[in-house]
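A.B. asks: Turn this into a structure:
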Amino acid sequence: MFLSTLEIQSIIEQKMLPAVCTCSMEADQSLTIRVCDCVTGKVDLVATHVPLWTLDSPHAIASLVADMRHEIEAHKGIQPTLFS
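C.D. replies: Numbering: from 1, shown residues only. Take a look at the predicted model:
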């Protein structure tokens, strides 16, 4: 299954709701994903160098989102998490 970059970004951003999530494409065809608390605006997680080519199925995207949510929960109240 092949998803476009915009579809992948949209799915990730929607799955991270209610947090504010933004995805940006880097020159090396990887994603940088930034997740902020919807109330405080505090940065909860920044995932860099996420290889776009590995996000080739809904399951792969769901696994990434689950991993990011786990990292956010594990580090609540601590400095923003860098996840790569």
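
A.B. asks: switch to C-alpha atoms for all contacts and neighbour counts from now on
C.D. replies: Fine.

A.B. asks: So which residue is smack in the middle of this structure?
C.D. replies: Ranked by distance to the mean C-alpha position of the chain (Cα atoms, centre = their mean), the top residue is Ile33 at 4.2 Å.

A.B. asks: Please point out which parts of the longest strand along the chain sit buried.
C.D. replies: Secondary structure of the chain per DSSP state E: the longest strand is strand 43-51. Within strand 43-51, the residues that qualify as buried are Val43, Asp44, Leu45, Val46, Ala47, Thr48, Val50, counting by 16 or more other Cα atoms under 10 Å.

A.B. asks: Which strands border that strand, and is each parallel or antiparallel?
C.D. replies: Under the criterion DSSP bridges, strand 43-51 sits next to strand 30-36 (antiparallel), strand 81-83 (parallel) in its sheet.

A.B. asks: can those go into a markdown table with extra columns for distance to Gln14 and mean pLDDT?
C.D. replies: Converted to a markdown table, the strands paired with strand 43-51 look like this (distance: least, Cα to Cα, whole Å; pLDDT from 0 to 100):
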| stretch | distance to Gln14 | mean pLDDT |
| --- | --- | --- |
| strand 30-36 | 11 | 95 |
| strand 81-83 | 19 | 58 |
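
A.B. asks: Just put these in a markdown table and tack on distance to Pro18.
C.D. replies: As requested, those are arranged in a markdown table below (distance: least, Cα to Cα, whole Å):
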| stretch | distance to Pro18 |
| --- | --- |
| strand 30-36 | 9 |
| strand 81-83 | 18 |
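
A.B. asks: From those, pick the one with the highest average neighbour count.
C.D. replies: Of all the strands paired with strand 43-51, strand 30-36 carries the top mean neighbour count, a mean of 21, counting by mean count of other Cα atoms under 10 Å.

A.B. asks: Mind listing residues that contact that strand?
C.D. replies: Taking Cα atoms under 8 Å, 6 or more residues apart in numbering as the criterion, the residues outside strand 30-36 that touch it are 16, 19-26, 42-52.

A.B. asks: and if you look at stretch 4-17?
C.D. replies: The list of residues contacting stretch 4-17 from outside it, by Cα under 8 Å, 6+ apart, reads Val20, Cys21, Thr22, Cys23, Ser24, Val35, Leu52, Leu55, Ile61, Val65, Arg69.
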